[in-house]
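>>> I would like to see how this sequence folds:
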Amino acid sequence: MKNFKWDKKYLYWGVTAFCVVVASIAFFWLLNTWSGVRRGVGVVLSALAPVIYGLCIAYLLNKVLNIFETHIFSKLCGRMFKKDPVKARKAARIFSIIVTLTVALGLIAGLFAIVLPELADSVMTIVSNSRTYLNVAIQWLEKVFDGYALEPVAVEWFNTISSKVVNWLETEVLPEITTLIGNITGGVISVITTLFNLFVGIVISVYVMYNKETFAAQAKKIVYSVFRVKTANAIMGELEFINDAFGDYIVGTVIDSLIVGLINYIFMTIMGMPYAVLVTIMVAVTNLIPMFGPFIGAVPSTLLILLENPTQALIFVIFTVILQQIDGQILKPRIHSSRTGLSGFWIMFAILFFGGLFGILGMVIGVPVTTVLYNMFRRLNNRRLRRRTLPEDTSFYRGLSYIDPVTMEPRYGSQSAEGQEPEGESGGKMEETAKAESAAEAPGAPKPEADSAPAAPAPEEPAPAEEGTNRKK
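From the prediction side, this is the model:
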């Protein structure tokens, strides 16, 4: 036993194998008890709902708070408390929080004050004119099917539908009245709980906004205590990038939606279209969803206008298409301080994937989340390429067949590394012949004469590796 020595290599292997076994067991346990885990996570999130609401409200209002505090109340409170800078900063923060919350709640209250009466009037108009719409539809059908036996078929169809509706009311609806009342009660309780959580969340957001520097310092303290300084610096950089990406995207998208809604309202008012306020609000809200949002808002809006005036509905569709083109090509690129850097495929993927997971909220946050993940992966990939002294520019890899492992020079073309012929005299002659033929076939190129002197050798072109190196970022 005295000669026993620990071998660190085998010790690391054993620890690694043990961790892999434990992780596999935990993974299969999660799969088998996924419903219970989901319920447990739901209970935890429900208990933390006020805190989550408060953090979200504080994050969304932070930029507005900074504007009021930096440009208005810091100067004002600095003049009020010239001898006490600490008291001036505290007063500026308090006044900024009060004004920010007042503006936010006032906008929400004004929005509901405009939307709810307009929505009620629109519903009442649609209900009161429903018979008129039905008569117009019947007259249109009679004109279209004039000369056909439409009336007997329509009467029979109406009687069949009526009997089925009465049967459904007697057999399905009446027995489920108790369940329906229970669902309505549960919905009312859920609304009250949500309103209470929002109220508590607003109170929590006040504490978070007032002490945001302290909370940020405590979080940084934890990061630097857990990780090494280099790793902690990388984490702080990633968190700063995530904050900038989300903040710029959210603010820019809200401003863009407000501009689109304002343009839509002005156009509908000038053209005398019905439901101008309701349609404008639907267009502005759905414009928060990239790509598919404008179409989601345009469909019900067009149907509402179609009930009143089909010609105006057609004009509205044409105007919406033009407005969305202007918005996508001019407004959004100028409003957003930084582009997402995502192609159309990744934007569509983000909307569909996160929308399928989290619904409308996922469709709104899917693009910034994908932007963050995409840029993190891109930086990680570029870092690994730099370690291998390879170019980071994507154009270097277009048409690349392989890279010579000895000289690190790229080879372009359709041939693979195994099928590449060695470059010798024959290869050089073939390349020179191909260049001469291409030059001769070029339009306007002079034809070589038989008695002409041999041309001077063309200067050698730089190797593709040097070209790729010049393209490095």
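
>>> what does the helix or strand hosting residue 213 contact?
Following DSSP states H and E, one finds residue 213 within helix 212-226. Contact with helix 212-226 is made by 58, 62, 208, 232, 235, 236, as judged by CB atoms under 8 Å, 6 or more residues apart in numbering. Every C-beta, even on glycine, is put in place using the N, C-alpha and C of the backbone.

>>> So which of these is the closest to residue 17?
Of all those, residue 17 sits closest to residue 235, with 28.7 Å by CB to CB.

>>> so how many other residues sit close to that closest one?
15 (other CB atoms under 10 Å).

>>> quick revisit: which members of the contacts of helix 212-226 define the maximum pairwise distance?
Top of the distance list for these (CB to CB): 58 and 232, 24.1 Å.

>>> neighbour count winner among those two?
residue 58 (22 against 16).

>>> ok, now how distant is residue 64 from residue 99?
Noted for residue 64: a distance of 9 Å to residue 99, by CB to CB, to the nearest Å.

>>> and what of residue 353?
Applying CB to CB, the value for residue 353 to residue 99 is 39 Å.

>>> Any regions of the stretch 251-400 of the chain where pLDDT drops low?
336-341, 344 (pLDDT under 70).

>>> residue boundaries of the strands in it?
400-403 (DSSP state E, counting those that start in this stretch).

>>> Helices along that one, start to end?
Counting by DSSP state H, counting those that start in this stretch, the stretch 251-400 of the chain has helices at residues 276-286, 293-308, 310-326, 332-335, 344-358, 360-387.

>>> As JSON lines, these with distance to residue 397 would be great.
Converted to JSON lines, the helices of the stretch 251-400 of the chain look like this (distance: least, CB to CB, whole Å):
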{"stretch": "helix 276-286", "distance to residue 397": "39"}
{"stretch": "helix 293-308", "distance to residue 397": "35"}
{"stretch": "helix 310-326", "distance to residue 397": "33"}
{"stretch": "helix 332-335", "distance to residue 397": "27"}
{"stretch": "helix 344-358", "distance to residue 397": "18"}
{"stretch": "helix 360-387", "distance to residue 397": "10"}
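
>>> For stretch 397-404, what is the distance to the chain centroid?
The offset between the C-alpha centroid of stretch 397-404 and the centroid of the whole chain comes to 34 Å, using CA atoms, centre = their mean, to the nearest Å.

>>> go on, stretch 62-76?
Its chain's average C-alpha position is 29 Å from that of stretch 62-76, according to CA atoms, centre = their mean.

>>> Would you mark the buried spots in it?
Across stretch 62-76, burial judged by 16 or more other CB atoms under 10 Å covers 62, 64, 65, 68, 69, 73, 74.

>>> Filter those down to the ones in strands?
Secondary structure assignment by DSSP state E places none of these in strands.

>>> Looking at those, spot the one nearest residue 329.
Set against residue 329, the nearest of the buried residues of stretch 62-76 by CB to CB is residue 64 (28.6 Å).

>>> Find the residue closest to that closest one in space, skipping its chain neighbours.
Spatial nearest neighbour of residue 64, chain neighbours left out: residue 100 (5.1 Å); criterion: CB to CB, 6 or more residues apart in numbering.

>>> Residue 411 in helix, strand or coil?
Using DSSP: H, G, I helix; E, B strand; the rest coil, the structure places residue 411 in strand.

>>> where's it relative to residue 394, distance?
Shown here: residue 411 relative to residue 394, a distance of 18 Å by CB to CB.

>>> Tell me which residue lies nearest the centroid of the protein.
Nearest to the mean C-alpha position of the chain, by CA atoms, centre = their mean, lies residue 367 at 1.9 Å.

>>> For residue 424, give me the pLDDT.
Listed pLDDT for residue 424 reads 41.

>>> now do residue 61
Residue 61 is given a pLDDT of 90.

>>> What residues does the residue nearest to residue 64 make contact with?
Residue 100 neighbours (CB under 8 Å, 6+ apart): 61, 64, 65, 68, 209.

>>> okay, now the residue nearest to residue 360 when sequence neighbours are not counted: neighbour count?
Distances taken as CB to CB, 6+ apart place residue 289 nearest to residue 360, at 7.2 Å, with adjacent residues excluded. Using other CB under 10 Å, residue 289 has 22 neighbouring residues.

>>> Pull up the gap between residue 289 and residue 275, please.
From residue 289 across to residue 275, the span is 21 Å (CB to CB).

>>> Isn't the residue nearest to the centre of the chain up against residue 352?
No - using CB atoms under 8 Å, residue 367 is not in contact with residue 352; the gap is 11.5 Å.

>>> neighbours around residue 49, how many?
For residue 49, using other CB under 10 Å, the count is 17.

>>> can you tell me the helix or strand for the residue nearest to it when sequence neighbours are not counted?
In space, and not counting its chain neighbours, residue 49 is closest to residue 197: 4.6 Å by CB to CB, 6+ apart. Following DSSP H and E, one finds residue 197 within helix 177-210.

>>> Please report the distance of residue 76 from residue 47.
The gap separating residue 76 from residue 47 is 41 Å, by CB to CB.

>>> typed the wrong thing, it's residue 347
Plainly put, residue 347 is 35 Å away from residue 47 if you go by CB to CB.

>>> Thanks a lot, see you next time.
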